[in-house]
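1. my questions concern the predicted model and sequence given below.
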Amino acid sequence: MKRIKILLGILIFLNVPVFAQNLKVAVAANLQAVIKVLQKDFKQKTGIEIEPIVGSSGNLVNQIRNGAPYDLFLSADMSFPATLYKEGLSIKKPVVYAQGSLIICSDQNIGFENWERMLLTARVKKIAIANPKIAPYGKAAEETLKGKGILDDVKPKVVYGESISQVNTYITTGVVDIGFTTLALVKDPANKTKLYWQVIDAKAYAPIEQGMVLLKKADSNAEAQKFYQYILSPAAKTIFEEYGYHVTK
């Protein structure tokens, strides 16, 4: 026991980590399902474990600003990681790792042939949208509704989720009649709820280009660099595609 204490003392004196810590990756809520697959694949390839912290992009940015010990940030847009770079909280400029798709979705077979008109009917009482101030998919949903000229009309029906994960819960549990979410929801094999959905025309909203940055904590961290490169690799891009994301090859 005495020898162990002496050894620990030497390690601390030499500033050598006694216990290895997992990489902490701040992950946008729309990636909640796919990050589990990426996590498993990355560990199989490298032996390195990551710890995903999932939330809305805006909330994660606030946590990073307040000193949260994250190594990387996978956002649902480019704006939030670009802001971190400008504020000196990331090592280099953000890069796009995937582009997302917005869908309108329900657990009811209510038809989407003319969804704009359908949202105005008495049949639809609650519409779920992620908070547009902190969730890029929520921003895209509001852009779409505004472009259709019905945002003000449906506002009384809107139920805002703190993140796209909360919106997904509202949809799959029937708390709302309909919601705007990511295509990844219906591509997730773990989702057992029968869903009805339609992809929203990509011209209806600004492209959802999802950006990634290495944060200051990851400076000189070889494992963090490996995960950064992995997310941009063909293996990761194939996984993203399986969950409905567009990637550049």
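-> Happy to help now that I have it.
2. neighbours of the closest residue to residue 208 other than its chain neighbours, how many?
-> Nearest residue to residue 208 in three dimensions, chain neighbours excluded: residue 100, at 4.0 Å (CB to CB, 6 or more residues apart in numbering). In short, each C-beta sits where N, CA and C put it, glycine included. Other residues near residue 100 number 27, with proximity taken as other CB atoms under 10 Å.
3. so what's residue 100 scoring on pLDDT?
-> On pLDDT, residue 100 comes in at 97.
4. go ahead and confirm it touches residue 182.
-> Yes. Between residue 100 and residue 182 there is a contact under CB atoms under 8 Å: 5.6 Å.
5. okay, and the common contacts of these two?
-> Between them, residue 100 and residue 182 share these contacting residues under CB atoms under 8 Å, 6 or more residues apart in numbering: 30, 137, 244.
6. tally of neighbours for the second one?
-> Going back to what we said before, that points to residue 137. 31.
7. how near is it to residue 130?
-> Going from residue 137 to residue 130 by CB to CB, to the nearest Å gives 5 Å.
8. go on, the first one?
-> Noted for residue 30: a distance of 9 Å to residue 130, by CB to CB.
9. now the common contact residues for those two.
-> With CB under 8 Å, 6+ apart, residue 30 and residue 130 have common neighbours 137, 164, 181.
10. how would you label residue 170: helix, strand or coil?
-> helix (DSSP: H, G, I helix; E, B strand; the rest coil).
11. for the residue positioned nearest the centre of the chain, give the beta-bridge partners.
-> Among the residues of the chain, residue 28 comes closest to the average C-alpha position under CA atoms, centre = their mean, at 2.4 Å. Beta-bridge partners recorded for residue 28 (DSSP bridges): residue 55.
12. test my guess that it contacts residue 57.
-> Yes. Counting by CB under 8 Å, residue 28 does reach residue 57; the two are 4.8 Å apart.
13. measure residue 103 to residue 203 for me?
-> 15 Å.
14. still on that earlier bit, okay, and the common contacts of residue 28 and residue 57?
-> Shared contacts of residue 28 and residue 57, counting by CB under 8 Å, 6+ apart, come down to 75-76, 136.
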